[in-house]
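A.B. asks: Kindly return the folded structure for what I paste below:
(chains A, B, C, D, E and F)
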Protein chains: 4
Amino acid sequence: MVSTIIDRGSKRQHLVEAAAAVFAEQGFTSTRVADIAERAGIGKGTVYEYFTSKEELLFAVFEWIDSRVSTRVEAVLAEEISGHEKLLRLLQLGADVVTEQVEMQPVILDFWAASRGNLLEDRHREVCTSSYRFFRKVITDFIHDGQRRGDFRPEVDAEALAATVVSTFDGLGVQLFFDRSLDPHRITEAFGRLLIEGLTAETS
Amino acid sequence: MVSTIIDRGSKRQHLVEAAAAVFAEQGFTSTRVADIAERAGIGKGTVYEYFTSKEELLFAVFEWIDSRVSTRVEAVLAEEISGHEKLLRLLQLGADVVTEQVEMQPVILDFWAASRGNLLEDRHREVCTSSYRFFRKVITDFIHDGQRRGDFRPEVDAEALAATVVSTFDGLGVQLFFDRSLDPHRITEAFGRLLIEGLTAETS
Amino acid sequence: MVSTIIDRGSKRQHLVEAAAAVFAEQGFTSTRVADIAERAGIGKGTVYEYFTSKEELLFAVFEWIDSRVSTRVEAVLAEEISGHEKLLRLLQLGADVVTEQVEMQPVILDFWAASRGNLLEDRHREVCTSSYRFFRKVITDFIHDGQRRGDFRPEVDAEALAATVVSTFDGLGVQLFFDRSLDPHRITEAFGRLLIEGLTAETS
Amino acid sequence: MVSTIIDRGSKRQHLVEAAAAVFAEQGFTSTRVADIAERAGIGKGTVYEYFTSKEELLFAVFEWIDSRVSTRVEAVLAEEISGHEKLLRLLQLGADVVTEQVEMQPVILDFWAASRGNLLEDRHREVCTSSYRFFRKVITDFIHDGQRRGDFRPEVDAEALAATVVSTFDGLGVQLFFDRSLDPHRITEAFGRLLIEGLTAETS
DNA sequence: GATGAATGAGAATTCATTCAT
DNA sequence: CATGAATGAATTCTCATTCAT
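C.D. replies: Residues are numbered from 1 along each chain as shown, chains lettered A, B, ... in the order given. The predicted structure follows:
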């Protein structure tokens, strides 16, 4: 009936995106399930045909956001370019994501915060942890690769550096959310310069 | 009644600390004002003699946490040591704070998250923004000082780097909260090496 | 689809029995129409092809239970045995029914209880009343017959005694439902002794 | 403030009686907690200061009804009259209670029915069972006493008869609720005649 | 100042019922 | 006929806040 929604499988995703939009605007707590339903153009009860709870919807939204980033990161990693080039591209991607996602940032903050005083506390922690692990692993592997190829200094602590990179972009997202006067690309460039210098083998 | 509380003025602070503890344990949303009152050893109604709302208490807690860090940072900056030494001390402080504050991290997440769908939205943003500005300014000034003294490379983008540093520690706090297997000192060391190398003038 | 259901007309009955089983297990309020449909092996919407509402189903179940008892009572009454013998058989039947129907008792309790705060309140009362009247009439007639034949004392208040008998078995059903340690046959025997002694003409 | 409610301790009882009235009128399911609060002249939330749930209120109401009957029964038992006289008084009391309590009957039906599909199922059963046990015990003891004194026939099955008596009055309450044309005193008289004749020692 | 009893706004969730297929 | 996706009415309970004592 509603022309936008056609296929079955996509209804759930439609709902996830509606929820993401409303969560982003109003915050998780202030969002009523009815708001999401309205935004999605469906009845309040229908939400529960797809998700068992409002919280479950928050998980779905977080995972959706997270997976979109993962996909983009993996796309960059799959490109056939030099390690140095790839590093630049990854930094660029980080800055882009942080910039594009400012509006989604509050959803992430909500997801982080929702991990306390909640029956699903463990699941929250698990989801966050595994997301972090994924990004750290990707970067760690990337650095190890470069070290193997001789592009990167062998003495660098790949894992620690990976954690640093993840932290930086995470923190940048938060900071940017609160202060839009910041220029994420400029900041990323400064950070990138540090990274490249610190990573690149001297004799390269 | 409770012997610990003697002077009037300290009652407010007593309440802030009680609130901080409960918020940290249960999360802001799951915390009832009664829980805080109980923890503080006072009556539920008395809380409203000191704070106009539960939210106001969250602000106070955040500001308390924030100020404790500021104080420590300023203490380091006031030390009479070389710029290089100071940088090391600041990094050390960052790692220490992040480590010591893991249990308080959820309160920060709550404060961040509470900035949406809220009448006090603007004030949240303001408090966060000004906290960030403070830390960035401190670091920016520190770098500028170093540059003036010739300790640090003149071409370095001090402001962007300051934002990076703040981001990194902010993000590290979050990451550590979810994954305690991380070693913040090791990560900070890796980050610090990058920073020092990137900052330090080559043949100073 | 389900092989058990062949003829059309029996589907309704199939549904009644499925509903009876589920109502008995979970109680009327806790039973969802979907549960009944599932138990009957049909789709949720199909229930409404046979009954206009969940409540209507409760009526059907009650009437089904009620009619099964009526049938058995009438069968005993039709037997060609002496009044005294018949009395014994009726008492036996009462004890049997109460025993066999313990599991169905909650459905009866539900039906009774559902008679308040309900649009069908009057219909509930009517159904219950007429069921009671039927059983009372059967017993009243039976006593009158015995009195006419000179088997039973003429001064006995047949109607009042009939009400007593119905009450006793009704109450026994309830009591047994809550306390399975009771022995309905032993109780019925004690009650029967009272009845027989009270009814039987002294020197008939 | 509300003049009717003065002392603390009576507030709970005030609430129980308000609930009883509303439950009786509308039935448990159709009663909203707000209805009870309104009837009691208090705020909706205040109900939860005294009872943890609507169901808990039903328990309280049942126990209140139950205890009022117990009290009256015990009063009769305490009277210094002959066994025969006491039996008559007990029967009279039964008829009175059943008559006076017709309007409360639906609450009892609700309580019985609520014992299914409920987390408190066991507690329901327990309360009912113990109520029944109390009344059976009272009557059993009474019969035993009479037997000891030689007033009642020694071969009578006291326990079974006690169960019968309880059943009869229970069932009478239900029957009367649905059919007000019944005369409980007349029915009780018929039942009483049976009982007395069956109990009383022949040579008395 | 301190207190806690009283309050009612507010929201998630359930589920009987409908109806397009 | 049969179905189950969609719906929204309806209600319990929570808890921040107030205010009389």
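A.B. asks: Pull out the buried positions in whichever helix or strand residue A:141 is part of.
C.D. replies: Residue A:141 is located in helix A:121-149, with elements delineated by DSSP states H and E. Neighbour-count burial for helix A:121-149 flags A:124-125, A:127-129, A:131-132, A:134-136, A:138-140, A:142-143, A:146-147 (criterion: 16 or more other C-beta atoms under 10 Å in any protein chain shown). C-beta coordinates here come from the backbone N, C-alpha and C atoms, glycine included.
A.B. asks: And stretch A:92-101, by the same measure?
C.D. replies: For stretch A:92-101, by 16+ other C-beta under 10 Å, it's A:93, A:94, A:95, A:97, A:98, A:101.
A.B. asks: for stretch A:40-54, same thing?
C.D. replies: A:40, A:42, A:47, A:50, A:51, A:54.
A.B. asks: Could you export these as a markdown table, including distance to DNA strand F?
C.D. replies: Below are the buried residues of stretch A:40-54 laid out as a markdown table (distance: C-beta to the nearest atom of the strand, whole Å):
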| residue | distance to DNA strand F |
| --- | --- |
| A:40 | 8 |
| A:42 | 3 |
| A:47 | 8 |
| A:50 | 7 |
| A:51 | 11 |
| A:54 | 13 |
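A.B. asks: Out of those, which sit inside helices?
C.D. replies: A:40, A:47, A:50, A:54 (DSSP state H).
A.B. asks: residues near the residue nearest to the third one when sequence neighbours are not counted, how many?
C.D. replies: Closest residue to residue A:50 in three dimensions, ignoring its sequence neighbours and counting by C-beta to C-beta, 6 or more residues apart in numbering or on different chains: residue A:12, at 5.0 Å. One way to gauge burial is a neighbour count; for residue A:12, by other C-beta atoms under 10 Å in any protein chain shown, it gives 13.
A.B. asks: elements contacting the helix or strand containing residue A:12?
C.D. replies: Applying DSSP H and E as the criterion places residue A:12 in helix A:9-26. Packed against helix A:9-26 by the contact rule (3 or more C-beta pairs under 8 Å, 6 or more residues apart in numbering or on different chains; DSSP states H and E) you find helix A:33-40, helix A:44-50, helix A:54-78, helix A:105-113.
A.B. asks: which parts of that helix are buried?
C.D. replies: In helix A:9-26, counting by 16+ other C-beta under 10 Å, buried: A:11, A:14-26.
A.B. asks: Show me which of those residues has the smallest pLDDT value.
C.D. replies: The lowest pLDDT within these belongs to residue A:11, with 91.
A.B. asks: can you give me the angle the helix or strand residue A:194 falls within makes with helix A:121-149?
C.D. replies: For residue A:194, the element it lies in under DSSP H and E is helix A:184-199. Per axes from the mean of the first three to the mean of the last three C-alpha atoms, to 10 degrees, the angle that helix A:184-199 makes with helix A:121-149 is 50 degrees.
A.B. asks: is helix A:184-199 up against chain B anywhere?
C.D. replies: Yes: remark: helix A:184-199 sits within contact range of chain B at A:186, A:187, A:189, A:190, A:191, A:193, A:194, A:195, A:197, A:198, by C-beta under 8 Å from any C-beta of the partner chain.
A.B. asks: Confirm for me that the first one is in contact with residue B:157.
C.D. replies: Yes: with contact defined as C-beta atoms under 8 Å, residue A:186 reaches residue B:157; the gap is 6.9 Å.
A.B. asks: Find the residue at the geometric middle of chain A.
C.D. replies: The C-alpha lying nearest the average C-alpha coordinate of chain A belongs to residue A:66 (C-alpha atoms, centre = their mean; 4.1 Å).
A.B. asks: rewinding a little: and the buried residues of stretch A:40-54, which two are furthest apart?
C.D. replies: A:42 and A:54 (14.7 Å; C-beta to C-beta).
A.B. asks: The residue lying closest to residue A:44 once chain neighbours are set aside: what's it in contact with?
C.D. replies: Nearest non-adjacent residue to residue A:44, counting by C-beta to C-beta, 6+ apart: residue A:37, 4.5 Å away. By C-beta atoms under 8 Å, 6 or more residues apart in numbering or on different chains, the residues touching residue A:37 are A:43, A:44, A:46, A:47.
A.B. asks: how close does the spatially closest residue to residue A:200 that is not a sequence neighbour sit to DNA strand F?
C.D. replies: In space, and not counting its chain neighbours, residue A:200 is closest to residue A:152: 6.7 Å by C-beta to C-beta, 6+ apart. Using C-beta to the nearest atom of the strand, to the nearest Å, residue A:152 is found at 51 Å from DNA strand F.
A.B. asks: What backbone torsions are found at residue A:152?
C.D. replies: Backbone torsions of residue A:152, given as degrees, to the nearest 10, read phi -110, psi 150.
A.B. asks: how about it, what does it touch?
C.D. replies: A:83, A:143, A:146, A:199, A:200, A:201.
A.B. asks: The same query, at a cut-off of 6 Å, please.
C.D. replies: Shown in contact with residue A:152 (C-beta atoms under 6 Å, 6 or more residues apart in numbering or on different chains): A:143, A:146, A:199.
A.B. asks: Torsion angles phi and psi at the residue of chain A found nearest chain D?
C.D. replies: For chain A, the residue closest to chain D is residue A:119, as judged by C-beta to the nearest C-beta, at 17.6 Å. Note on residue A:119: backbone dihedrals following degrees, to the nearest 10 are phi -70, psi -30.
A.B. asks: Could you list which of the buried residues of stretch A:40-54 also contact DNA strand E?
C.D. replies: Restricting the buried residues of stretch A:40-54 to those within reach of DNA strand E (C-beta under 7 Å from any atom of the strand) leaves residue A:54.
A.B. asks: one step back: now the ones in helices among the buried residues of stretch A:40-54 in a markdown table, with pLDDT?
C.D. replies: As requested, those are exported to a markdown table (pLDDT from 0 to 100):
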| residue | pLDDT |
| --- | --- |
| A:40 | 96 |
| A:47 | 97 |
| A:50 | 96 |
| A:54 | 96 |
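A.B. asks: could I get stretch A:165-185 in CSV with only the CA atoms?
C.D. replies: Taking Å, rounded to 0.1, in the frame of the first residue of the first chain, the C-alpha atoms of stretch A:165-185 are listed here in CSV:
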residue,chain,number,x,y,z
VAL,A,165,44.1,4.9,15.6
VAL,A,166,40.7,3.5,16.6
SER,A,167,40.7,5.7,19.7
THR,A,168,41.5,8.8,17.8
PHE,A,169,38.7,8.4,15.3
ASP,A,170,36.3,7.4,17.9
GLY,A,171,37.2,10.4,20.1
LEU,A,172,37.2,12.7,17.0
GLY,A,173,33.6,11.6,16.3
VAL,A,174,32.6,12.6,19.8
GLN,A,175,34.5,15.9,19.8
LEU,A,176,33.1,16.9,16.4
PHE,A,177,29.6,16.1,17.5
PHE,A,178,29.8,18.6,20.3
ASP,A,179,31.9,21.2,18.5
ARG,A,180,31.2,21.5,14.8
SER,A,181,33.8,24.2,14.4
LEU,A,182,36.4,21.5,14.3
ASP,A,183,37.8,20.5,11.0
PRO,A,184,38.2,16.7,11.0
HIS,A,185,40.2,16.6,7.8
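A.B. asks: mind listing what's buried in it?
C.D. replies: Quick answer for stretch A:165-185 (16+ other C-beta under 10 Å): A:165-179, A:182, A:184-185.
A.B. asks: Restricted to helices, list those residues.
C.D. replies: Per DSSP H, those map to helices at A:165-178, A:184-185.
A.B. asks: Taking these together, which two end up most distant?
C.D. replies: Every pair of these checked by C-beta to C-beta; the farthest is A:165 and A:178, at 21.3 Å.
A.B. asks: No more questions from me, cheers.
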